[in-house]
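Novice: sequence and predicted model, in that order:
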Amino acid sequence: MKKKTALTIAGSDSSGGAGIQADIKTMQANGVYAMSAITALTAQNTTGVTGIMEVSPEFLEKQLDAVITDIRPDAVKIGMVSSEELIKMISKKLKEYHAENIVVDPVMVATSGSRLISENAIETLKTQLLPMASVITPNIPEAEVLAEMEIRSEKDMVEAAKKINEMYHCAVLCKGGHSLNDANDLLYQNGKATWFHGKRINNPNTHGTGCTLSSAIASNLAKGYSLEESIHRAKEYISGALAAMLDLGKGSGPMDHGFEIRGRFGI
């Protein structure tokens, strides 16, 4: 049996709701075979991050070589990468292997508010990874950093996404929320802005939503869907995961990534 494959390059979340763990759950639920290269171990839960231990660039290289030379990924999702050395290594290896369908979630701050990336790493991210991406998926605060402007309205979202697109030559999915609108996301590519309207789910447990959305987009790109259809399907999936109303932890809890998994082993 052949199956489409996706590789996540990101940090581990010990509480399982975000990062590598969320990515693998999402990819499995969206019908692709998931692989991983871990950039860092984090000690975190639903209330915050208490520690980060990065892998070395050399060990990240070994992980990427091991995966890609054996099971080539049909899509790559890049999440938390907190140092410029690791970003440079990812860029080097993805160029070497001519990776396709690259989705970059420019993770800078966790849902809990914890900072996850250094200032110099942000500049390296801009110059090394963003120009390689098929699409990047910043939230409002991240788009403000990348576009170097404040975003206070949907008009601002369009302007920011256009600026990012023109600076880094990649499609931009600027995610709504953050009190700006009801989960409406904006895709800007090829000089065109397209809105994806989402249904606001009244669920305070949103830990890992960014990781989940970008991984679902990568999964659908791996299966051959267009970028627009991949985003549409990913938004439907994340709405279902939120609507399942999983309630775990003392802070912003995780979603139910396996909300649609059925069968005798799930009982």
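Specialist: Happy to help now that I have it.

Novice: for Ser230, which non-adjacent residue is closest in space?
Specialist: Using CB to CB, 6 or more residues apart in numbering and skipping the chain neighbours, the partner closest in space to Ser230 is Asn220 (3.5 Å). For every residue, glycine as well, the C-beta is placed using N, CA and C.

Novice: mind listing what the one you found touches?
Specialist: Going by CB atoms under 8 Å, 6 or more residues apart in numbering, Asn220 touches Asn30, Glu229, Ser230, Arg233, Ala234.

Novice: neighbour-wise, which one of these leads?
Specialist: Highest neighbour count within these: Ala234, with 28 neighbours (other CB atoms under 10 Å).

Novice: now the host helix or strand of it: mean pLDDT?
Specialist: When elements are assigned from DSSP states H and E, Ala234 belongs to helix 227-243. On average, the pLDDT along helix 227-243 is 96.

Novice: can you list contacts of it?
Specialist: 26, 29-30, 134-135, 171, 173, 185, 187, 189, 194, 196, 198-199, 201, 203, 205-206, 209, 212-213, 216-217, 219-221, 225, 255-257, 259-260.

Novice: try it again at 6 Å.
Specialist: With CB atoms under 6 Å, 6 or more residues apart in numbering as the test, helix 227-243 has contacts from 135, 196, 198-199, 201, 203, 212-213, 216-217, 220-221, 255-257, 259.

Novice: only the buried subset of these, as a ChimeraX command please.
Specialist: Buried residues within these, by 16 or more other CB atoms under 10 Å, are selected in ChimeraX with:
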select :135,196,198,201,203,212,213,216,217,220,221,255,256,257
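
Novice: check what pLDDT the nearest residue to Pro138 once chain neighbours are set aside gets.
Specialist: Counting by CB to CB, 6+ apart, Pro106 is the residue found nearest to Pro138 once chain neighbours are left out, at 5.2 Å. Listed pLDDT for Pro106 reads 93.

Novice: heads up, I number from 376, so please use that
Specialist: Sure thing, new numbering starts at 376, so read that last one as Pro481.

Novice: for Pro481, give its distance to Glu604.
Specialist: Going from Pro481 to Glu604 by CB to CB, to the nearest Å gives 23 Å.

Novice: swap in Ser387?
Specialist: 30 Å.

Novice: hang on, the earlier thing: buried sites along the helix holding Ala609?
Specialist: Those would be Leu602, Ser605, Ile606, Arg608, Ala609, Lys610, Tyr612, Ile613, Gly615, Ala616, Leu617, for helix 602-618 by 16+ other CB under 10 Å.

Novice: what packs against the lengthiest strand in the chain?
Specialist: Looking across the chain with DSSP state E, the single longest strand is strand 408-420. With contacts defined as 3 or more CB pairs under 6 Å, 6 or more residues apart in numbering; DSSP states H and E, strand 408-420 has these neighbours: strand 380-388, helix 394-404, strand 423-429, helix 432-443.

Novice: can you list the strands that that strand pairs with?
Specialist: strand 380-388 (parallel), strand 423-429 (antiparallel) (DSSP bridges).

Novice: how far does the longest one sit from its chain's centre?
Specialist: This points to strand 380-388. 9 Å (CA atoms, centre = their mean, to the nearest Å).

Novice: could I get the strands paired with strand 408-420 in JSON lines, plus columns for mean pLDDT?
Specialist: Output for those, formatted as JSON lines (pLDDT from 0 to 100):
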{"stretch": "strand 380-388", "mean pLDDT": "97"}
{"stretch": "strand 423-429", "mean pLDDT": "91"}
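
Novice: just name the most buried of those strands.
Specialist: Of all these, strand 380-388 has the most neighbours on average by mean count of other CB atoms under 10 Å, namely a mean of 27.

Novice: could you give the angle of it to helix 432-443?
Specialist: 150 degrees (axes from the mean of the first three to the mean of the last three CA atoms, to 10 degrees).
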